[in-house]
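> can't give you the sequence, but here's the structure:
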């Protein structure tokens, strides 16, 4: 029996964890449809994480993937923060935002001992990590729960490192993917590859199941990934407009407009490269501007500006995360979307 059959999946489709645009509702719908639903945990407080895990466990539907970040988080650099706020000052003035409204807390937390303790209460089937793996002691606590460990790789070297350090499956994240890049060994974006060039190289380099992620939005893409050796696919962007997603009306509108066809990697929303629909902040400051403080501290100063702009129907300062291909985004229930993919891919 292969890994995904062990997880009770009827179809080799994993819903990508997408912080900020989903809750357990989407994960429940996806697992209920015979795939693997995911819950992003990096932006959840411990109490909210426990509540969401309780909802998943109470459903009795099957397996779920709980996703965490593994970044190294230091204190914000005061000089970086000051320069960042100075760069944002003209926008603050335009939207009447006071610097007093800026909080100092980080928007995302790396996996830690408290997270590990909460997981032992619920024993999820899968725990996945972005930006590498947690330190060995924490990883051992995750494995002690019986969870399978998935982790993102954006290069062959990262896949091999993950295989040596305890991953049970590798997520091959292509350059097309929306949201944050998962790189952790090399920050040079020139090393990043598209899904269908990266995937077969990782399949050849490791003896673990490989999950293809990035640019896969329909059954044809699923079939192509499986033909190149993927054991499963991970799809995120295509779920953004599903009824169960919490994607904002402004974000949905951008996806459905011609703007959705133009995405870029940017650091201005979090301090780390992530792919989203190009908007005003990215254009005026430069998508990969070094003005943004180190991840994840850039978000704090943007939060009140984003809120003020969105109140006026302006998404120019919002992270509109999306992959390069938004053609699969449809305003329907997740189960209908999955049913279509299964038929297209010949998985039924």
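That came through, no problem. This structure is a prediction, so every number in the text was calculated from the model and none was measured. Numbers count the residues shown, from 1 in each chain.
> Find the residue ranges of this protein scoring beneath the pLDDT cut-off.
1, 104-106 (pLDDT under 70).
> Apply 90 and report the result again.
Residue ranges of the chain with pLDDT under 90: 1-5, 72-76, 98-108, 348.
> Please name the bridge partners of residue 40.
On the basis of DSSP bridges, residue 40 is bridged to residue 67.
> how about residue 153, phi and psi?
As for residue 153, its main-chain torsions (degrees, to the nearest 10) stand at phi -130, psi 140.
> Does it touch residue 171 like I think?
Yes - applying C-beta atoms under 8 Å, one finds residue 153 in contact with residue 171, separated by 6.8 Å. Just so you know, the C-beta spots here come from the backbone N, C-alpha and C atoms, and that holds for glycine as well.
> what do these two both touch?
Residues touching both residue 153 and residue 171 by C-beta atoms under 8 Å, 6 or more residues apart in numbering: residue 182.
> what's the burial count for the closest residue to residue 289 other than its chain neighbours?
In space, residue 289 comes closest to residue 268 once its chain neighbours are excluded; the distance is 5.6 Å by C-beta to C-beta, 6 or more residues apart in numbering. For residue 268, the count of nearby residues is 25 (other C-beta atoms under 10 Å).
> Go ahead and list the helix or strand containing residue 268.
Residue 268 belongs to no helix or strand when assigned by DSSP states H and E.
> What is the neighbour count of the closest residue to residue 274 other than its chain neighbours?
Closest residue in space to residue 274, ignoring its immediate chain neighbours: residue 180 at 4.2 Å, by C-beta to C-beta, 6+ apart. Around residue 180 there are 27 other residues, counting by other C-beta under 10 Å.
> Same question for residue 187.
10.
> go on, residue 113?
Here the count is done by other C-beta under 10 Å, and residue 113 has 11 residues near it.
> I'd like the distance between it and residue 142.
According to C-beta to C-beta, to the nearest Å, residue 113 stands 11 Å off from residue 142.
> my read: residue 201 touches residue 156, true?
Yes - counting by C-beta under 8 Å, residue 201 does reach residue 156; the two are 5.1 Å apart.
> Does residue 194 touch residue 214 like I think?
Yes - using C-beta under 8 Å, residue 194 is in contact with residue 214, at 7.3 Å.
> Which one's more surrounded, those two?
Ranked by neighbour count (other C-beta under 10 Å), residue 194 and residue 214 place residue 214 first, with 31 against 14.
> Now for the more buried one: which residues touch it?
172, 173, 174, 175, 176, 177, 194, 195, 323.
> Equivalent analysis for residue 130, please.
Counting by C-beta under 8 Å, 6+ apart, residue 130 has contacts 42, 67, 68, 69, 70, 151, 152, 180, 182.
> Going by distance to residue 257, which of those wins?
Lowest distance from residue 257 to the contacts of residue 130 (C-beta to C-beta) belongs to residue 180, with 23.3 Å.
> follow-up on the earlier one: shared neighbours of residue 194 and residue 214, which are they?
Common neighbours of residue 194 and residue 214 (C-beta under 8 Å, 6+ apart) are 174, 175, 176.
> Let me know how buried the last one is, in neighbour terms.
So the one you mean is residue 176. 20.
> cool, and the second one?
Here the number of neighbours of residue 175 (other C-beta under 10 Å) works out to 20.
> Verify the stated contact: residue 226 with residue 216.
No - using C-beta under 8 Å, residue 226 is not in contact with residue 216; the gap is 10.3 Å.
> Look at these two and report which has more neighbours.
More neighbours surround residue 216 than the other of residue 226 and residue 216, with 31 against 17 (other C-beta under 10 Å).
> Okay, buried residues for the longest helix along the chain please.
Scanning the chain for the helix with the most residues, using DSSP state H, yields helix 78-95. Within helix 78-95, the residues that count as buried by 16 or more other C-beta atoms under 10 Å are 80, 81, 84, 87, 88, 91, 92, 95.
> ok, now how distant is the nearest residue to the second one once chain neighbours are set aside from residue 274?
The spatially closest residue to residue 81, leaving aside those adjacent along the chain, is residue 293, at 5.6 Å (C-beta to C-beta, 6+ apart). In this view, residue 293 and residue 274 are 15 Å apart by C-beta to C-beta.
> Tell me which of those two has more neighbours.
residue 293 (24 against 20).
> In which helix or strand does the more buried one reside?
Here residue 293 is assigned to no helix or strand, by DSSP H and E.
> which residues does it contact?
Counted by C-beta under 8 Å, 6+ apart, residue 293 has contacts 76, 77, 80, 81, 84, 271.
> show me the contacts for the fourth one.
Contacts were defined as C-beta under 8 Å, 6+ apart; by that measure residue 81 touches 293, 297, 301.
> Next, work out how far apart it and residue 64 are.
Residue 81 sits 37 Å away from residue 64, going by C-beta to C-beta.
> Mind putting the shared contacts of residue 194 and residue 214 into TSV with distance to residue 27?
Below are the shared contacts of residue 194 and residue 214 laid out as TSV (distance: C-beta to C-beta, whole Å):
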residue	distance to residue 27
174	23
175	26
176	23
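> Pretty sure the residue nearest to residue 274 sits against residue 270.
Yes - counting by C-beta under 8 Å, residue 180 does reach residue 270; the two are 7.1 Å apart.
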